[in-house]
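# Sharing a model prediction with you, sequence too.
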There are 2 protein chains.
Amino acid sequence: MVYAVGLMSGTSLDGIDAALVEINGKDEATTVELLAFSTLPFDRAVLQRIREALAIETSDVEKICSLNVELGERFAQAALLVCEKAGISNEELAFIGSHGQTLFHIPFAREAFVASTLQIGDPAVICERTKTTVVSNFRERDMAVGGQGAPIVPYSEYVLYQKPGVTRLLQNIGGIGNVTVLPQSGKQTDMIAFDTGPGNVIMNELCVHFFNQEYDNDGLYAKQGTVNQALLDELMAHPYIKKAYPKTTGREDFGKQFTMVLIEKWPLNPADLIATATMFTAKSIAEAVRLFINGETELIIGGGGSYNPTLVMMIKEELPEVSVLIQEEIGFSSEAKEAVAMAVLANQTLQHRIGNVPNATGAKRAVPLGSITYY
Amino acid sequence: MVYAVGLMSGTSLDGIDAALVEINGKDEATTVELLAFSTLPFDRAVLQRIREALAIETSDVEKICSLNVELGERFAQAALLVCEKAGISNEELAFIGSHGQTLFHIPFAREAFVASTLQIGDPAVICERTKTTVVSNFRERDMAVGGQGAPIVPYSEYVLYQKPGVTRLLQNIGGIGNVTVLPQSGKQTDMIAFDTGPGNVIMNELCVHFFNQEYDNDGLYAKQGTVNQALLDELMAHPYIKKAYPKTTGREDFGKQFTMVLIEKWPLNPADLIATATMFTAKSIAEAVRLFINGETELIIGGGGSYNPTLVMMIKEELPEVSVLIQEEIGFSSEAKEAVAMAVLANQTLQHRIGNVPNATGAKRAVPLGSITYY
């Protein structure tokens, strides 16, 4: 038995999620129990620096160099915070798995750019402040064997959620939406996973723009608004939605720039825009899910979007033949899921075991992920 | 006995140096023999992308994300090339130590920026292409314990050059100049090291600007020119030169921007500018060396600058009481020195042993350096 912390900061920039877990067993027999979870929000100054560093127009090498270390300090704080919450000393930790903050992701080579991904949050700083071995930079190795570096959670989902005889679809709704299909067969090699399209990113950008709020709290704006069918049709015609999996997307495709163009082209009232963006997320998820309905089928929703009842209701209405649940309803913490996955992946890495799912990422083979900074 | 490769790409952007070494023994009893050395030059397109990525004005997050992976491929090629040259299969390598390409270095916190350093050249790509475990990102950990992350070679220099009873000063002249003092005592804890100031960087920028040449070949331009005393006095008054060690500098202080201001302010003929810049490097080195003259004292010059006879002659004239040698004269390869150091440091990391020298970097304590990407 070991204690470990998983750290995750997603594209929705809500803060750093930290999950303290107890891990028993090895590889496919691994069991993971969540002991504590906390989120360290970014203060406004740091949030502003992250936003600048991840946009092509405002980023530069000096900002990225400094922010890498600054975020390392924050990730370390987040790890110490969750230990404190659980009453466990950081000296008792066996390791930390840290995803880092994604600044950019290029899934396929284009023009002068090669396929690549960039996460920051210096592991050496996390290691020193927590006095703990750190595993980091999980996505790069998958891309080095031809994968898209995303989604990164499927191996962990297999360990945690596999239920033979039932088709289980795990839909995460962070900034971007991604789904993992755990087939009836129960075989890891039959797993499929891909990004469904936008998660909360467009809704959030609209809330920031119109209301100076980070997100649509409880889906209230979307509830007040009316879906604009013409705009929805245009959104659903986005080439990403019809594209065959494996596929991956990011803020590059559906972020601020995308939202600004949309606002300019569609001068609707803000609530209607948010309602339509919410329906776009719901429909793009339903479109993906329909491909895999087979016998008893459960859709388990997690991530920030699972706390948006308007969004969840829209998904349920789109998929009457599927049991739609949120993670808490099956006894898992939705908000902790990706952070827990980082601890599971780090555990694999330290045992020199594989962590990617080639059917999910498109990689040529399964490989251990990440780099180890030993304390 | 193990075979290992060290990879280095310095601030002078000459290409990727690869040293294949045989390592025997452990820690202070480690012996290292150089079996082969090669340099893989950057082609013009890559060189252009590096130049863009390391300048604040032209860099952005997309360029850095892509270049990290692109350089990973080049570093892997450099490692395979040196193995081929020695007739050793990459499958026989125990590990690779890769410094990466420094894009930016902030030795001290200033304004909104924290002390930090940024090297790129994706270790996951190097690992996959060479089928070898890679140790990378050596500087970050030293900075995490309060060091300046530079100089990084002193531990290796101690292993390779220590000669009890003689004060040995090892002066590397890359883009930036740095010196390591190996004291008469032979004790690692008495070592001192710091950056002396510019190495070849100003001369090189002048050669690019005026002659579209990467450097002053054989120091011929400097030889033709005349040192301008007024400009030299101004240069020697630069606050970095008089500053007490430990201290570190980089292209941020003496790079293109610095050179462009100089050209504008001092409309001399190009050869005179180059001669003066060469003398500035020589005098700043001599100023540092004089602090440590004690009994039998040797100054051993390495790096690209050791192949510039005009520069070496100037240094000898400044230091009549010191034996000035270039590395080859004592049986070491000057050009391979920093690449060899990366193999020595990686060897330490894999044994969970220290790699920094606190007297050199200003770190609070000695720590293992780098992150390990296991194949």
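Here it is on my side, so go on. Predicted model only: the values in this text are computed from it and were never measured. Numbering: from 1, shown residues only, chains lettered A, B, ... in the order given.
# how far does stretch A:138-150 stretch from start to finish?
10 Å (Cα to Cα, to the nearest Å).
# quick one: average confidence on that stretch?
The average of the pLDDT scores along stretch A:138-150 is 96.
# Is there proximity between that stretch and chain B?
Yes: using Cβ under 8 Å from any Cβ of the partner chain, stretch A:138-150 reaches chain B at A:140, A:141, A:143, A:144, A:145. Glycine gets a C-beta too; all of them are placed from N, C-alpha and C.
# since we're on the nearest residue to residue A:351 once chain neighbours are set aside, how many residues are nearby?
Leaving aside its sequence neighbours, residue A:351 sits nearest to residue A:26 (Cβ to Cβ, 6 or more residues apart in numbering or on different chains; 6.7 Å). Counted by other Cβ atoms under 10 Å in any protein chain shown, the residues lying close to residue A:26 total 11.
# if I read this right, residue A:26 contacts residue A:352, doesn't it?
No: between residue A:26 and residue A:352 there is no contact under Cβ atoms under 8 Å: 11.5 Å.
# now the farthest one out in chain A, which residue is it?
Distance to the chain centre peaks in chain A at residue A:267, reaching 30.7 Å (criterion: Cα atoms, centre = their mean).
# just to revisit the earlier point, which per-residue confidence value corresponds to the residue nearest to residue A:351?
77.
# what does the stretch 101-250 of chain A have sitting close to chain B?
Checking the stretch 101-250 of chain A against chain B by Cβ under 8 Å from any Cβ, the hits are A:103-106, A:112-118, A:122-125, A:127-129, A:136-137, A:140-141, A:143-145.
# Tell me which of those residues fall in helices.
Among those, the ones falling in helices (DSSP state H) are A:123, A:124, A:125, A:127, A:128, A:129, A:140, A:141, A:143, A:144.
# Can you lay out the residues you listed as JSON lines showing neighbour count?
Shown next, in JSON lines, are these (neighbours: other Cβ atoms under 10 Å in any protein chain shown):
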{"residue": "A:123", "neighbour count": "28"}
{"residue": "A:124", "neighbour count": "28"}
{"residue": "A:125", "neighbour count": "27"}
{"residue": "A:127", "neighbour count": "28"}
{"residue": "A:128", "neighbour count": "25"}
{"residue": "A:129", "neighbour count": "17"}
{"residue": "A:140", "neighbour count": "26"}
{"residue": "A:141", "neighbour count": "28"}
{"residue": "A:143", "neighbour count": "28"}
{"residue": "A:144", "neighbour count": "27"}
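# The one helix or strand residue A:206 maps to packs against which elements?
Using DSSP states H and E, residue A:206 falls within helix A:201-211. When contacts are defined as 3 or more Cβ pairs under 8 Å, 6 or more residues apart in numbering or on different chains; DSSP states H and E, helix A:201-211 sits against helix A:220-224, helix A:251-254, helix A:256-265, helix A:270-290.
# Please convert these to TSV, extending it with mean pLDDT and distance to residue B:179.
Shown next, in TSV, are the helices and strands packed on helix A:201-211 (pLDDT from 0 to 100; distance: least, Cβ to Cβ, whole Å):
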stretch	mean pLDDT	distance to residue B:179
helix A:220-224	97	63
helix A:251-254	90	45
helix A:256-265	96	48
helix A:270-290	98	59
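# In JSON lines, list the ones you listed along with mean neighbour count.
As requested, the helices and strands packed on helix A:201-211 are exported to JSON lines (neighbours: other Cβ under 10 Å):
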{"stretch": "helix A:220-224", "mean neighbour count": "20"}
{"stretch": "helix A:251-254", "mean neighbour count": "22"}
{"stretch": "helix A:256-265", "mean neighbour count": "15"}
{"stretch": "helix A:270-290", "mean neighbour count": "23"}
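# export those helices to CSV and tack on distance to residue B:182?
Converted to CSV, the helices and strands packed on helix A:201-211 look like this (distance: least, Cβ to Cβ, whole Å):
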stretch, distance to residue B:182
helix A:220-224, 68
helix A:251-254, 50
helix A:256-265, 54
helix A:270-290, 63
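# Relative to the whole chain's centre, how far out is the lengthiest strand in chain A?
In chain A, with assignment by DSSP state E, the single longest strand is strand A:93-106. On the basis of Cα atoms, centre = their mean, to the nearest Å, strand A:93-106 sits 11 Å off its chain's mean C-alpha point.
# Likewise for stretch A:17-34?
18 Å.
# First-to-last residue distance for it?
Termini of stretch A:17-34 sit 13 Å apart (Cα to Cα).
# do the same with stretch A:318-332
Note: stretch A:318-332 ends 24 Å apart using Cα to Cα.
# For that stretch, what is the distance to the chain centroid?
So, by Cα atoms, centre = their mean, the centroid of stretch A:318-332 is 18 Å from its chain's centroid.
# what does it contact?
With Cβ atoms under 8 Å, 6 or more residues apart in numbering or on different chains as the test, stretch A:318-332 has contacts from A:34, A:160-161, A:169, A:282-283, A:285-286, A:289-290, A:293, A:296-302, A:306, A:312, A:315-316, A:333-334, A:337.
# same thing but 7 Å
A:282-283, A:286, A:289, A:293, A:297-302, A:306, A:312, A:315-316, A:333-334, A:337 (Cβ atoms under 7 Å, 6 or more residues apart in numbering or on different chains).
# need the strands for chain A, in chain order.
Using DSSP E, strands in chain A cover A:2-9, A:16-24, A:31-40, A:93-106, A:116-120, A:134-136, A:167-173, A:176-182, A:192-198, A:297-302, A:323-326, A:371-373.
# okay if I get the ones you listed as CSV plus distance to residue B:10?
As requested, the strands of chain A are arranged in CSV below (distance: least, Cβ to Cβ, whole Å):
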stretch, distance to residue B:10
strand A:2-9, 33
strand A:16-24, 35
strand A:31-40, 38
strand A:93-106, 26
strand A:116-120, 23
strand A:134-136, 26
strand A:167-173, 43
strand A:176-182, 39
strand A:192-198, 39
strand A:297-302, 47
strand A:323-326, 53
strand A:371-373, 23
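# Using TSV, lay out the ones you listed together with distance to residue B:5 and mean neighbour count.
Output for the strands of chain A, formatted as TSV (distance: least, Cβ to Cβ, whole Å; neighbours: other Cβ atoms under 10 Å in any protein chain shown):
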stretch	distance to residue B:5	mean neighbour count
strand A:2-9	32	27
strand A:16-24	35	24
strand A:31-40	38	17
strand A:93-106	27	26
strand A:116-120	23	26
strand A:134-136	23	31
strand A:167-173	40	25
strand A:176-182	38	26
strand A:192-198	36	26
strand A:297-302	44	23
strand A:323-326	51	18
strand A:371-373	18	27
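# do you know which of these lies nearest residue A:276?
strand A:192-198 (11.8 Å; Cβ to Cβ).
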